[in-house]
Each structure stands twice: as C-alpha cells, then as structure tokens.
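Colleague: model this:
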Amino acid sequence: ADLYHDGLAPVIYVSRTKPSTDEVLLAENGIEYPRQEEIMRQILLEKGVPHQAIRFFGMNNDSTRQEALALKRELPNATSLLIITSPYHVRRARMIFKDNMPGYNINVVATTKDMFTVRWWSDRRVAEQVMLETAKIFYYKGKLYKDEQVDNAMDQVEQFVDENITLDKLESVIPEAPAQ
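Modeller: The predicted structure follows:
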C-alpha cells in the first residue's frame, strides 16, 4: 500500500494461490474462510488503495515459477515489475522471475513486516524459513524444476525441517555472533 501511495506502484497485482490443505478442509465442511487473495485485497483497501488499483492474476498458483508465468501472460507488454515478497524469498524470487521473464526489468524487494534479526538462527520460525528457502534455491538452480516433482520434494524438505531442525541443533553448528 505504501508503494501505491508513493506513486511507485499504480496497480497492485495479487496472486491467486492454490488453497492450503486447511482451506480445502474448511470448504469441504461448509465453513467459510476467505481466500488469501481476498485477505490481501481487504488489507489493501483498508490501507487506502482503491479497488480499481487492485488486480488478481493466475489461478491456483502453487509456486513462484507459476506466479512468474501467470504474470508474464497477464502483462505481455509490461517492461518492468516490482515484486514484493518476504525477506526470506527475495533471492529465489529474483532468480525465478528473471529466468522466466527475460526482457523485463525485474526488481524484487522485501516487505518490512518480517525483517531478519541479527541472530536469525535463534528464532525457530526464521531459521526454518531460511533453511527451507536455501533448499529451494539449490533445488531450483539444480534445474530439477518440474512442478509436480518440486511440490513433492518441497513437501519432503518441509517435513525434514519440521522433524530435524531444532534451535539446539542450529546453535550447535552456527557460531555465536560477535558482540557488537
């Protein structure tokens, strides 16, 4: 919303993502729960972005690559894009968008809501995100990228991280940061 108000993003495109397992379960049981893109639309409206400046792209986007390809179809005549994502995802998003949208001027920046701490490894949630993104970068750069295979592999990586990466293990392999 700030970028819209600063005149840097006259239109905001929001990805229509694949519903999570929990969202599907709720829908199957007749429990209404807003989709992620609807939540984003409501937040943008609340922050003063007019509804005509909010657009959606893709359908059931399940990966960053699918989002890049959907935006490429949606905006074939665009010359530049400003992608906003989490701090953990910036590097991989930049790689994927540049690889899948050659000829576009791609700028990827992090939101300010999820900033890294100095000792990122001491926060379990942040450490898990860093580890998961690192694994996804290696997988992507290994050119093993086939949507179904990636989905299965990433599920396995997430399960591995959940089961095996603990704060104690991370602290045992990562040295203390020097005092500042």
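Colleague: going forward, measure contacts between C-alpha atoms and count neighbours the same way
Modeller: Fine.
Colleague: what about the nearest residue to Ala127 once chain neighbours are set aside, distance to His51?
Modeller: Using CA to CA, 6 or more residues apart in numbering and skipping the chain neighbours, the partner closest in space to Ala127 is Trp121 (4.8 Å). Using CA to CA, to the nearest Å, Trp121 is found at 39 Å from His51.
Colleague: looking at the two, which one has more neighbours?
Modeller: Trp121 (22 against 13; other CA atoms under 10 Å).
Colleague: now do the SS call for Glu67.
Modeller: helix (DSSP: H, G, I helix; E, B strand; the rest coil).
Colleague: wait, it touches Phe56, no?
Modeller: No. Counting by CA atoms under 8 Å, Glu67 does not reach Phe56; the two are 11.0 Å apart.
Colleague: mutual contacts of these two, please.
Modeller: Ser15 (CA atoms under 8 Å, 6 or more residues apart in numbering).
Colleague: now the helices: where do they sit in the chain?
Modeller: 2-5, 21-28, 36-46, 64-74, 90-100, 124-141, 147-164, 167-173 (DSSP state H).
Colleague: closest to Val109 out of those?
Modeller: Ranking these by their distance to Val109 (criterion: CA to CA) puts helix 90-100 first, at 6.3 Å.
Colleague: so what pLDDT did Asn152 get?
Modeller: Asn152 is assigned a pLDDT of 67 by the prediction.
Colleague: now the helices of the chain as a markdown table including mean neighbour count?
Modeller: Below are the helices of the chain laid out as a markdown table (neighbours: other CA atoms under 10 Å):
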| stretch | mean neighbour count |
| --- | --- |
| helix 2-5 | 14 |
| helix 21-28 | 12 |
| helix 36-46 | 15 |
| helix 64-74 | 18 |
| helix 90-100 | 18 |
| helix 124-141 | 17 |
| helix 147-164 | 13 |
| helix 167-173 | 11 |
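Colleague: these: which one's closest to Ile84?
Modeller: In terms of CA to CA, the element of these nearest to Ile84 is helix 90-100, at 8.1 Å.
Colleague: average pLDDT for the closest one?
Modeller: The average pLDDT for helix 90-100 rounds to 93.
Colleague: again, but for stretch 121-134
Modeller: Stretch 121-134 shows a mean pLDDT of 83.
Colleague: and it, C-alpha only, in PDB?
Modeller: The C-alpha trace of stretch 121-134 is given here as PDB (Å, rounded to 0.1, in the frame of the first residue of the first chain):
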ATOM      1  CA  TRP A 121      19.200 -18.700  13.700                       C
ATOM      2  CA  SER A 122      18.000 -18.100  17.300                       C
ATOM      3  CA  ASP A 123      14.400 -17.700  16.100                       C
ATOM      4  CA  ARG A 124      13.000 -21.100  15.200                       C
ATOM      5  CA  ARG A 125      10.400 -19.700  12.700                       C
ATOM      6  CA  VAL A 126      13.100 -17.500  10.900                       C
ATOM      7  CA  ALA A 127      15.600 -20.400  10.900                       C
ATOM      8  CA  GLU A 128      13.100 -22.800   9.400                       C
ATOM      9  CA  GLN A 129      12.300 -20.200   6.600                       C
ATOM     10  CA  VAL A 130      16.000 -19.600   5.900                       C
ATOM     11  CA  MET A 131      16.700 -23.400   5.700                       C
ATOM     12  CA  LEU A 132      13.700 -24.000   3.500                       C
ATOM     13  CA  GLU A 133      14.500 -21.200   1.100                       C
ATOM     14  CA  THR A 134      18.100 -22.400   0.900                       C
END
